[in-house]
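K.L.:
What follows is a predicted protein model with its sequence.
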Amino acid sequence: MVTRPMIKLSGREPKVKPLGEKLRRLLCVPVLSLAGYCLAPVSSALAVDVEYELRAGVSYSDNVGRVNIDEEDQVIATAGVLLEVSGESRLSEGSLSLDVDYLEYLDDAFDSEVLPRIRGQFTYKPMPGRVHWVTDGRVSQARNNPFDASTPQTREDVGKVSTGPQIIFPIGNRTRLQAQSRLSATFYEDSDADSDSISGGLSLIRAISPNRGASLNASGERVEFDSDQGLSDFERYSLYLQFTSEISRGSLSAQIGANEVHADGQTFDGTLASLSLDRQISPRSSIGLSINQSFTDAGNFFGGLESVFRPGRESSIVPVRDPFETRLVTASYNYDKGRVNLTATVSASDDDYESASSFDSRRLQGTLSTRVELASAWSSRLLLRYEDRDFQTVERIDEYLTAAFSVGKQISRTVFLGFEYRLEDRASDANGQDYTENRYTLQLRFSPRR
């Protein structure tokens, strides 16, 4: 067994970045997305849809610091805005989702904070179907130390922006060669793991039939860190086959190949594999299954996440300068009957870091959520989530339980009033790491789209 060198957890000694740099990086995603709309040729007649929501509320927590001794209660004033912009024309298309909350801790338990959840994407098509330029970015939050409870002191903003061309060369009626390149930047509010990367990929794609396709794909990426803290830059290469098909009442996608990482004079290789299956099993219900195994890193993993995280539900990435191999299996079930919706998800993952072995972990998670539209404009929601995370190297197990119930009423066409109770509980075999928090929230939402 190879002994892996330990690296310093960047979140324990955060690098203090100038306020101007923080604001510049935080705003880069919406600015780039909106700039894309403005730069689109007028002749392309870009049609833009805009929706927004304004929020204001107040919360009470009986343990805002999430500790197991000397719990401190707190009243929190909140304000938020949701802005969704989308547009499409012959030469361009794009979308921007900006969901931001401001929290003011009225008894000064913490400084005020802003919780950003931003996703922007813009594609300019000077030659539609042949030459595209794609810009994509997102900003959310992550804990800078996975062993600490999630609080304003342990959360930080994290974002990624990428841009580059995509070129398609038709070869006959069913085959095409696709080449793409991306310049990317990943940034953290505090952690010393900011990086830039350049990547490229080449795909030979074949349409087997109108509903089936196969491709041979090769890609490479070089990641360079902004500062030198004893961990070298690294390169990652992948070669794999992909098959996609529409099946009876569903879709199937599979990948199989190999990937390789070169870091600090060492080479790590492994299997790249994925399977994704979605199927409608009845007019009102569907199931999904996904299996993934690959080498990745914190920035690349964050960039691949599709979720825009809600307050208190930050990204699960660990902001360290280290590639890791991840294995993830997820199964889901969804039932939708108009006024009643139920979703159940079970997942298991295994993360294996190449150097930062103290973060090696296995995670088992289950989530159940329901939404019921009641009579007289009332509605209710229920959320239950359990997570078991085992850090094998440090021999620590954390168990998380989240339970939330909300009820609300549409008091007018544009105004919604809601109340939520949320329980956050952690049981840990590490000394002094257990906590329980009860939080009550009353919120008013205004949205002209209703």
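P.N.:
Arrived safely, thanks for sending. Residues are numbered from 1 along each chain as shown.

K.L.:
Is D390 in contact with S361, as I believe?
P.N.:
Yes. If you go by Cβ atoms under 8 Å, D390 and S361 touch, sitting 6.2 Å apart. (C-beta placed from N, C-alpha, C; glycine too.)

K.L.:
more neighbours, the two?
P.N.:
Ranked by neighbour count (other Cβ atoms under 10 Å), D390 and S361 place S361 first, with 22 against 17.

K.L.:
could you list every residue that touches the closest residue to the more buried one other than its chain neighbours?
P.N.:
Leaving out its chain neighbours, the residue that sits closest to S361 by Cβ to Cβ, 6 or more residues apart in numbering is F391, at 4.9 Å. Contact analysis of F391 by Cβ atoms under 8 Å, 6 or more residues apart in numbering lists 146-147, 358-361, 397-398.

K.L.:
Distance to F234, secondary structure and pLDDT for these - can I get that in CSV?
P.N.:
Shown next, in CSV, are those (distance: Cβ to Cβ, whole Å; DSSP: H, G, I helix; E, B strand; the rest coil; pLDDT from 0 to 100):
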residue, distance to F234, secondary structure, pLDDT
P146, 21, coil, 84
F147, 25, coil, 88
S358, 19, helix, 82
F359, 16, helix, 83
D360, 18, coil, 88
S361, 21, strand, 89
I397, 30, strand, 94
D398, 29, strand, 94
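
K.L.:
Buried only: go through those residues for me.
P.N.:
With burial judged by 16 or more other Cβ atoms under 10 Å, the buried subset of these is 146-147, 358-361, 398.

K.L.:
The residue of the chain most remote from its centre and I281, how far apart?
P.N.:
Distance to the chain centre peaks in the chain at G172, reaching 38.0 Å (criterion: Cα atoms, centre = their mean). Distance of G172 to I281, computed by Cβ to Cβ, to the nearest Å: 38 Å.

K.L.:
and what of N341?
P.N.:
When N341 is compared with I281 (using Cβ to Cβ), they lie 16 Å apart.

K.L.:
Between these two, tell me which one has more neighbours.
P.N.:
N341 (16 against 13).

K.L.:
Name the nearest residue to that one, sequence neighbours excluded.
P.N.:
Per Cβ to Cβ, 6+ apart, closest to N341 is R371, 4.4 Å.

K.L.:
Mind listing residues that contact the strand or helix carrying that neighbour?
P.N.:
Per DSSP states H and E: R371 is located in strand 361-373. Contacts with strand 361-373, where a contact means Cβ under 8 Å, 6+ apart, come from 146, 316, 338-351, 379-392.

K.L.:
ChimeraX command for the buried members of those?
P.N.:
Buried members of these, defined by 16+ other Cβ under 10 Å, are picked up in ChimeraX with:
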select :146,316,341,342,344,345,347,349,350,351,379,381,383,384,385,386,387,389,390,391
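
K.L.:
Now, the contacts of strand 361-373 that are in strands?
P.N.:
The strands, defined by DSSP state E, take in 340-351, 379-391 from the contacts of strand 361-373.

K.L.:
distance of L382 from I281?
P.N.:
L382 is 23 Å from I281, by Cβ to Cβ.

K.L.:
For S447, what are phi and psi?
P.N.:
Dihedral pair for S447: phi -150, psi 120, per degrees, to the nearest 10.
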